[in-house]
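Colleague: here's a sequence, model it:
(one chain, ligands or ions: 1)
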Amino acid sequence: MLELHNVEVTYSDVILALKGVSLSLREGQCVALLGGNGAGKSTILKAISGTLKSEDGKVSAGAITLEGTPIHNLEASEVVRRGLIHVMEGRRVLRHMTAEQNLIVGGHMVPDRAELKRRLDHVYTLMPRLANLKSRTAGFMSGGEQQLLLIGRAMMARPKIIAIDEPSLGLAPLMIHDVYEVLSRLKEEGTTFFLVEQNSAAGLGLADYAYVLENGRVVLDGRADKLAQNEDVKEFYLGVT
Ligand code: ATP
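Modeller: Reported below is the predicted structural model:
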């Protein structure tokens with residue numbers, strides 16, 4: 001469904017952040033990207049969602065295809081239109097709007113009010129906590145609630161692929177559990193996921209397949225359950241020795 005072929009990414013024409021990355025994501029799969037700080041995980045998500053330009057970055061070699069069509073030269077809004085939504089790291093809710101207004105913004109391309117209502121209902125069914133908080137100003141919600149809201153906002157566009165960056169960052173363990181529960185339900189409903197996680201145990205739990213990145217290159221890849229048993233992965237990414 002989504003393929004990267006020998007992708008290089010350069011920032012400000014000088015910093016080579018990805019040095020020839022190839023990977024693929026099949027329909028219905030969850031693929032996790034693991035790796036330490038600066039390995040290039042977020043850069044991969046920005047490259048696929050067309051958001052590198054705002055940071056003076058570009059795909060300087062290779063190709064990214066979505067359902068066979070090259071997307072690496074497209075504007076971010078066009079990538080969204082084709083069904084790929086990037087939920088960025090560092091919570092970016094619209095702080096002065098209510099939770100429900102945030103969701104409606106996520107559904108801005110839905111032309112039909114009845115359909116908009118159906119999508120809101122779907123979000124609230126999956127996340128009853130958001131239903132209870134729909135009138136709350138988003139800036140006053142907890143970190144975990146804001147993360148759920150961002151997932152809900154992405155759902156409003158009915159994406160084929162959600163590329164999500166560090167959904168557990170800064171959250172308490174119970175909240176991480178809730179966030180992953182929602183991601184897992186969405187996966188069961190057929191959403192394809194590209195997941196970046198420093199919390200590799202949570203990420204590998206949801207993922208079918210994973211790639212480990214180091215210094216802009218893929219150094220290891222395989223089925224997530226197999227990687228979770230790999231001694232190097234356990235030592236460096238799962239904190240188990
Ligand atoms: P982290 O978990 O710390 O976010 P990461 O694996 O997501 O790490 P990236 O953020 O993709 O790593 O960074 C990859 C490389 O690109 C790093 O060397 C980083 O310093 C560099 N880089 C990232 N963003 C920019 C930018 N806007 N301008 C210049 N260099 C950047």
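Colleague: and the lowest-mean-pLDDT helix or strand in the chain, what's buried?
Modeller: Counting by mean pLDDT, DSSP states H and E, the weakest-scoring helix or strand in the chain turns out to be helix 231-237, with a mean of 75. Within helix 231-237, the residues that qualify as buried by neighbour count (16 or more other C-beta atoms under 10 Å) are 233-234, 236-237. Using the backbone N, CA and C atoms, a C-beta is placed for each residue, glycine as well.
Colleague: got it, and stretch 196-209?
Modeller: Buried positions in stretch 196-209, judged by neighbour count with 16+ other C-beta under 10 Å: 196-200, 202-209.
Colleague: make JSON lines out of the residues you listed and add pLDDT and secondary structure.
Modeller: Output for those, formatted as JSON lines (pLDDT from 0 to 100; DSSP: H, G, I helix; E, B strand; the rest coil):
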{"residue": "V196", "pLDDT": "93", "secondary structure": "strand"}
{"residue": "E197", "pLDDT": "88", "secondary structure": "coil"}
{"residue": "Q198", "pLDDT": "78", "secondary structure": "coil"}
{"residue": "N199", "pLDDT": "73", "secondary structure": "coil"}
{"residue": "S200", "pLDDT": "72", "secondary structure": "helix"}
{"residue": "A202", "pLDDT": "80", "secondary structure": "helix"}
{"residue": "G203", "pLDDT": "82", "secondary structure": "helix"}
{"residue": "L204", "pLDDT": "86", "secondary structure": "helix"}
{"residue": "G205", "pLDDT": "86", "secondary structure": "helix"}
{"residue": "L206", "pLDDT": "91", "secondary structure": "helix"}
{"residue": "A207", "pLDDT": "94", "secondary structure": "coil"}
{"residue": "D208", "pLDDT": "95", "secondary structure": "coil"}
{"residue": "Y209", "pLDDT": "95", "secondary structure": "strand"}
